[in-house]
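K.L.:
Sequence below, structure please.
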Amino acid sequence: MKVVQLAWGAVVAAAIFAAAPLGAGQQFESQIPYGTGQNVAPVYEGWERNPDGSFNMVFGYMNRNYDERPEIPIGPNNSFSPEPADRGQPTHFYPRRQQFMFRVRVPANFGKQQLVWTLTRTGKTEKAIGKLDLEWEISQGVISQNRRGLGNDAVTAKPNTPPTISAAGSAKLTARVGEPLALAVNASDDGIPEPPKPNPARGAGGRGATPPPLVTIRQSSPIQQQIIQPSREGLAVTWTQWRGPGRLTFAPPRTVVKEGKASTNVTFTEPGTYVIRAFADDGIVFEATDITVAVSGS
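P.N.:
Here you go, the predicted model:
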């Protein structure tokens, strides 16, 4: 079994839209638009400091399929080391490059240890190796620049408090296959950054006009494939399938927060236990909360 190590850090991340450091053969392979049948590579994005002295190691992934969304359950094929193997990582993987998807907190005395996320699919194993080397430190500016967010100038940017988000009601629900389930979250933000204002003098869509909301589209650019697009409309919530079989339909998949709340309806195609992760995005960074749903057959 071939094992490939893949890790992106702050040095790479600071260069906007930088490509993963793959070998020559992998570079050629990555240019072929496979719809299905490819593996998923875990990615170490870098680390953040916490006020209490601990650190967050930040991870994302590269699903090499353009269409297929593999489900890789927690276990030998989807695990962290050292244990526990389950550190909150996804088991459901959206197509292409998904950046800064989750954090793993490590203690202040973590030192020179390494945290390794391993994914195996289609007989191919890849690893993302997390470490606290100085060059791997990331900031809100690095995250925003890589996402094409609104906070690209670290010199003049106002201090930004990340949004807050929590389930509105119980975070454990039940549903049935084929029957829409209403979901709701509470979300708030400090109002920074301010959404871009339109410039009528420049004309709709012209230079200076408000950029249109970004949507997930099928193109070769990994940035345009991000499921969590930076909001241009104020605080917004994106609903995602984090774990669980089948394929969920959210209506709508993204909502702007109104009066501190956002809601959607989700429909399930298969029974099972699902984790739905809702991301509140302020245009620079995002925070998440989970809702677990036990789905029975129709």
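K.L.:
Residues in contact with stretch 108-125: which ones?
P.N.:
1-4, 37-42, 44, 52-55, 57, 59, 61, 70, 72, 76-82, 87, 89, 104, 106, 126-132 (CB atoms under 8 Å, 6 or more residues apart in numbering). Using the backbone N, CA and C atoms, a C-beta is placed for each residue, glycine as well.
K.L.:
before we move on, what about stretch 64-76?
P.N.:
By CB under 8 Å, 6+ apart, stretch 64-76 touches 29-30, 33-41, 63, 78, 85-86, 89, 91-96, 119-121, 218, 241, 243-245, 247.
K.L.:
can you pull out the strands in the stretch 1-150 of the chain?
P.N.:
3-5, 40-49, 55-63, 78-81, 96-106, 115-121, 124-130 (DSSP state E, counting those that start in this stretch).
K.L.:
Quick one: closest of the ones you listed to D281.
P.N.:
Proximity to D281 (CB to CB) singles out strand 96-106 among those, at 10.9 Å.
K.L.:
Enumerate every residue touching L150.
P.N.:
Taking CB under 8 Å, 6+ apart as the test, what L150 contacts is 144, 193, 195-196, 230, 232, 283-284.
K.L.:
if we go to 6 Å?
P.N.:
Residues in contact with L150 (CB atoms under 6 Å, 6 or more residues apart in numbering) are 193, 283-284.
K.L.:
can you pick the most crowded of those residues?
P.N.:
Highest neighbour count within those: G283, with 26 neighbours (other CB atoms under 10 Å).
K.L.:
ok, back up a step: dump the strands of the stretch 1-150 of the chain to a markdown table, plus mean neighbour count and distance to G297.
P.N.:
Output for the strands of the stretch 1-150 of the chain, formatted as a markdown table (neighbours: other CB atoms under 10 Å; distance: least, CB to CB, whole Å):
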| stretch | mean neighbour count | distance to G297 |
| --- | --- | --- |
| strand 3-5 | 13 | 39 |
| strand 40-49 | 24 | 28 |
| strand 55-63 | 23 | 28 |
| strand 78-81 | 19 | 26 |
| strand 96-106 | 20 | 30 |
| strand 115-121 | 21 | 27 |
| strand 124-130 | 20 | 34 |
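K.L.:
of these, which approaches S296 most closely?
P.N.:
Smallest distance to S296 across the strands of the stretch 1-150 of the chain (CB to CB): 25.2 Å, for strand 78-81.
K.L.:
So which elements touch the closest one?
P.N.:
strand 115-121 (3 or more CB pairs under 6 Å, 6 or more residues apart in numbering; DSSP states H and E).
K.L.:
can you redo the contacts of L150 as JSON lines with secondary structure?
P.N.:
Formatted as JSON lines, the contacts of L150 follow (DSSP: H, G, I helix; E, B strand; the rest coil):
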{"residue": "P193", "secondary structure": "coil"}
{"residue": "G283", "secondary structure": "coil"}
{"residue": "I284", "secondary structure": "coil"}
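K.L.:
now those residues in TSV, with distance to E48 and pLDDT?
P.N.:
Below are the contacts of L150 laid out as TSV (distance: CB to CB, whole Å; pLDDT from 0 to 100):
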residue	distance to E48	pLDDT
P193	19	90
G283	18	93
I284	14	92
